[in-house]
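>>> Sequence and predicted structure, then a few things I'm wondering about:
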Amino acid sequence: MRRILSLLLAALCAVFCTSAPEDDGTVIWTADSLPEVLERFGSPCTTDTPLGPALHFDGTGDGFFLNAVPVAGLEEFTLEAVFRQAGDAAFEQRFLHIGTMDRRILFETRVTPDRTWYFDAFVNLGTPEPTPENPAPQRRSAVLIDESLTHPADRWYGLALVAGPQGLVSYVDGVEQCRSDLAWTPEIPAEGLTSLGVRQNKVCWFKGEIFKIRITPRALSPEEFLHDQDVLNRP
C-alpha cells in the first residue's frame with residue numbers, strides 16, 4: 001500500500017508541480033516570480049487557476065516593463081509562454097517583447113471574428129554594419145506566421161519558439177507552426193527590457209492571461225515543452 005501511495009504521489013507531482021529553475025540557467029516567470037518591474041501600466045491583476053495565479057490583461061492599457069533580457073548572450077534557446085487569448089480581443093495582440101525596438105523577439109497573435117487566433121513569432125536581429133564587401137546590408141529578421149493555422153480562443157495553450165544556428169521554429173501545443181532558416185545569433189542587447197501585455201512602443205495591448213514564461217538556454221524538443229495548459233484546461 002505504501003508503494004502504491006508513493007507512486008500516486010509521484011504521478012500527481014509530475015502533473016501538478018511547477019519545476020524550479022534548473023542549474024543550466026533556465027528562467028521561469030510566473031505571477032509570483034516576475035523580475036524587477038520598471039513600469040506598470042493600467043491595472044493588470046491576477047486570476048486564479050488550478051496551478052496558481054495567472055496575470056490578467058484587459059486589452060486596453062494593462063502591461064509591465066521588466067528589467068530583464070533573458071535571451072541576451074545565448075547561442076540557442078527555447079522561449080515558451082503558457083497563455084490564454086480572449087476571443088473578443090482586437091485583431092493585433094502583442095504580449096511578449098524581449099530586447100529593444102530595433103533588435104527584438106515578439107510573441108503575437110491575430111484574433112479573427114470567429115473567435116480564433118493564429119500565432120505570430122517575430123525575430124529581428126538588426127542590420128549589420130556596412131562593410132566593403134557588403135556596403136548595403138539588409139535587416140536580419142523573420143516573421144513566423146501562417147493565418148491558416150487557427151486555434152479556438154478562450155483556452156490555455158503553450159507557445160514555443162526554438163532558436164539556434166540552424167534557424168527558428170514556432171510551435172503551439174508542441175505542433176510545429178512555422179520555420180525560418182534565419183540563423184539565430186545573440187544580437188539582442190542586454191541593455192534592453194521585456195514587456196508583458198503590450199509591445200514596447202505601447203501599441204496592440206493584449207487581452208487575456210499569461211500563466212508562465214520559460215526561457216531555456218538550449219533547443220528543446222516538443223516532448224520537453226511545458227504542459228501546464230493540459231491541467232489548466234481540465235473542467
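Sure, I can see it.

>>> rest of the way, CA atoms for contacts and neighbours
OK.

>>> ok, and the closest non-adjacent residue to Ile213?
Among residues not flanking Ile213 along the chain, Ala81 sits closest, at 4.6 Å (C-alpha to C-alpha, 6 or more residues apart in numbering).

>>> thought the one you found was touching Lys212?
Yes. The pair formed by Ala81 and Lys212 meets the contact definition of C-alpha atoms under 8 Å, at 5.7 Å.

>>> Name the residues contacting each of these two.
Common neighbours of Ala81 and Lys212 (criterion: C-alpha atoms under 8 Å, 6 or more residues apart in numbering): none identified.

>>> partner residues bridging Ala160?
With DSSP bridges as the criterion, Ala160 is bridged to Glu80, Tyr171.

>>> quick one: it from Asp228, how far?
13 Å (C-alpha to C-alpha, to the nearest Å).

>>> These two - which one has more neighbours?
A count of neighbours by other C-alpha atoms under 10 Å puts Ala160 above the other of Ala160 and Asp228, at 30 against 21.

>>> Is the closest residue to Ile98 other than its chain neighbours in a helix, a strand, or coil?
Once flanking residues are discounted, Ile98 sits nearest to Thr194: 4.4 Å by C-alpha to C-alpha, 6+ apart. Taken by DSSP: H, G, I helix; E, B strand; the rest coil, the conformation at Thr194 corresponds to strand.

>>> Quick one: the helices in the chain, in order.
For the chain, the helices defined by DSSP state H occupy 2-16, 228-232.
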